[in-house]
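**Student:** turn this into a structure:
(one chain, ligands or ions: 1)
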Amino acid sequence: MSSTVPSHSTRVLRVRVKDRHAVWLSQLSREVNTVWNYCNDLQTRVFERERKFLTGFDFWPYLKGCTRGDDSLNLPVQTVQETAEQYARSRRQHKRVRLAWRKSKGVRRSLGWLPFKVRTIKYAHGQIYFAGKWLSVWDSWGLGEHELRAGSFSEDSRGRWYLNVTVNMKRPPRVAPEGNAIGIDLGLKDLAVLSDGNKVEAERFYRDLEPALATAQRAGKKRRVKAIHAKIANRRQDFLHKLTTKLASRHCVICVGDVNAKALARGPHAKSVLDAGWSAMRTMLQYKCDDAGAWFLEVPEHGTTRMCNCCGAMSGPQGIAGLAVRQWACVVCGVSHHRDTNAARNILARGLAIFEEQFAAAGEAKADEAVVNEIGRHAVPVGVGHDPLVVGIPVL
Ligand SMILES: [Zn+2]
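**Tutor:** The predicted structure is shown next:
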């Protein structure tokens, strides 16, 4: 067994803060905006004069003392520091000289945000202690069972506040799920088509509620519009959680095509693409597989629709005209295919080929170390954070 497997995994838990604290949190978040905008201003001036970029740490001397004295900020000093560090991180990430201002007022107001560091918040008797105040939350996660680390308070478009906090969760005992390897082709008509022939229909969360949304928008009912958007997001989230949990618990290897959602979202199918939630689904599969001790792999899906999974000939439908073709027969070997099932099987085959390569490389490395394993025919692959898998996975 690999010794690199951590016994903990980091998760972000999100719980709703009770509404009676919303005003107070909003006040504090305006102070965060002040700190952020100060950093933005300072960075701009430093760049103009010295062509230099400030790190989060560089801001500290300038922010010293802003939480002490009569006219001082009410923020905990760790929140001030974390805001500066986040600023520096985002600026670097976006490769900009400066970032957008955080606005405290008006229609383009930034949604409230209050970051904090490790050991800034405390939990006791179902409440969270932050900045000198005890906050009540809807504790849907049992926060008391975890060690609370860094995180943030954040506001959604409906003015509700949430606590997002990272915790170290103990991993459940690792029992690799039994079951076959599976390939998944992500699509628009069906959300996912599996290499075993099963299909998961795309739930049309957005389109289903579009008429209601349009009515509310025409009537100028802002609260109703926001509520419908939240409903769409919740339904999608719930659906994807159930689906990915099921997949990760029933398969030892999951290979998914690397569809580029961002590129497609610019095209004519934009609404459907965003609705499908491919990225969310892949993220969920990744961590659920990690927890279940299964393997997750993203596979380049280029050409998987055209290739016949029986003989490997590029005999399938192609181009825009080929999009409508659901069923086709290979002209080389004569086998008839369902378009997406065929693609899913190709994705699975590619994924397994990548694994075999990794196993082989790992095997060679082992041999070099003269670590001979006497288990016999079973290769011992070395993976990142995973238990070994017996090679020769049955392909459907
Ligand atoms: Zn063929």
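
**Student:** can you pull out the strands in the stretch 51-200 of the chain?
**Tutor:** In the stretch 51-200 of the chain, the strands defined using DSSP state E, counting those that start in this stretch lie at 113-116, 122-124, 127-130, 133-138, 148-155, 161-170, 181-186, 190-194, 199-201.

**Student:** out of those, deepest packed?
**Tutor:** strand 181-186 (a mean of 27; mean count of other C-beta atoms under 10 Å). Any C-beta I mention is one placed from the backbone N, CA and C, and that applies to glycine too.

**Student:** contact partners of it?
**Tutor:** For strand 181-186, the surrounding residues in contact (C-beta atoms under 8 Å, 6 or more residues apart in numbering) are 192-196, 247, 251-257, 259, 276, 278, 281, 299, 301, 304, 340-341, 343-349, 351-352, 393-396.

**Student:** neighbouring strands for that strand, and are they parallel or not?
**Tutor:** strand 190-194 (antiparallel), strand 253-257 (parallel) (DSSP bridges).

**Student:** right, and those strands - which one's nearest Leu13?
**Tutor:** Closest to Leu13 of the strands paired with strand 181-186, according to C-beta to C-beta: strand 253-257, at 24.6 Å.

**Student:** the residue nearest the centre of the chain: which element?
**Tutor:** Central residue of the chain (C-alpha atoms, centre = their mean): Thr283, 4.3 Å from the mean position. Element membership for Thr283 (DSSP states H and E) is helix 278-292.

**Student:** would you confirm that Ala192 contacts Lys199?
**Tutor:** Yes: assessed by C-beta atoms under 8 Å, Ala192 is found in contact with Lys199 at 7.4 Å.

**Student:** quick one: low-confidence ranges for this protein?
**Tutor:** 1-8, 170-179, 261-276, 320-321, 363-396 (pLDDT under 70).

**Student:** contact residues of it facing the ion?
**Tutor:** Cys308, Cys310, Cys311, Ala313, Cys330, Val332, Cys333 (C-beta under 5 Å from the ion).

**Student:** only the buried subset of these, as a ChimeraX command please.
**Tutor:** The ChimeraX selection below is limited to those of the residues of the chain next to the ion classed as buried (16 or more other C-beta atoms under 10 Å):
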select :308,330
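
**Student:** let's see which of the residues of the chain next to the ion end up in strands.
**Tutor:** Secondary structure from DSSP state E places none of the residues of the chain next to the ion in strands.

**Student:** related to what we said a few turns ago, given the helix or strand following the helix holding Thr283, what are its sheet partners and their directions?
**Tutor:** Under the assignment DSSP H and E, the closest C-terminal helix or strand after helix 278-292 is strand 295-299. When pairing is defined by DSSP bridges, strand 295-299 lines up against strand 253-257 (parallel).

**Student:** how far off helix 278-292 does the partner strand point, in degrees?
**Tutor:** 170 degrees (axes from the mean of the first three to the mean of the last three C-alpha atoms, to 10 degrees).

**Student:** now do the phi/psi pair for the residue lying farthest from the centre of the chain.
**Tutor:** Most distant residue from the mean C-alpha position of the chain: Asp70, 42.4 Å away (C-alpha atoms, centre = their mean). Main-chain dihedrals, Asp70, degrees, to the nearest 10: phi -70, psi -50.

**Student:** and the helix holding Thr283, what's buried?
**Tutor:** Of the residues in helix 278-292, those buried (16+ other C-beta under 10 Å) are Trp278, Ala280, Met281, Arg282, Met284, Leu285, Gln286, Lys288, Cys289, Asp290, Asp291, Ala292.

**Student:** ok so, going back, which one of the strands paired with strand 181-186 lies nearest to Gly144?
**Tutor:** Of these, the one closest to Gly144 (C-beta to C-beta) turns out to be strand 253-257, at 33.5 Å.

**Student:** and the contacts of that closest one?
**Tutor:** Looking at what lies outside strand 253-257 - C-beta under 8 Å, 6+ apart - the contacts are 180-186, 247-248, 282, 285, 289, 294-301, 304, 343, 347-348, 350-352, 355, 389, 393.

**Student:** for Arg236, what are its contacts?
**Tutor:** Glu203, Phe205, Asp275, Gly277, Ala280.

**Student:** doesn't it fall inside a helix?
**Tutor:** Yes: per DSSP: H, G, I helix; E, B strand; the rest coil, Arg236 lies within a helix segment.

**Student:** now it: how far from the ion?
**Tutor:** From Arg236 across to the ion, the span is 37 Å (C-beta to the ion, to the nearest Å).
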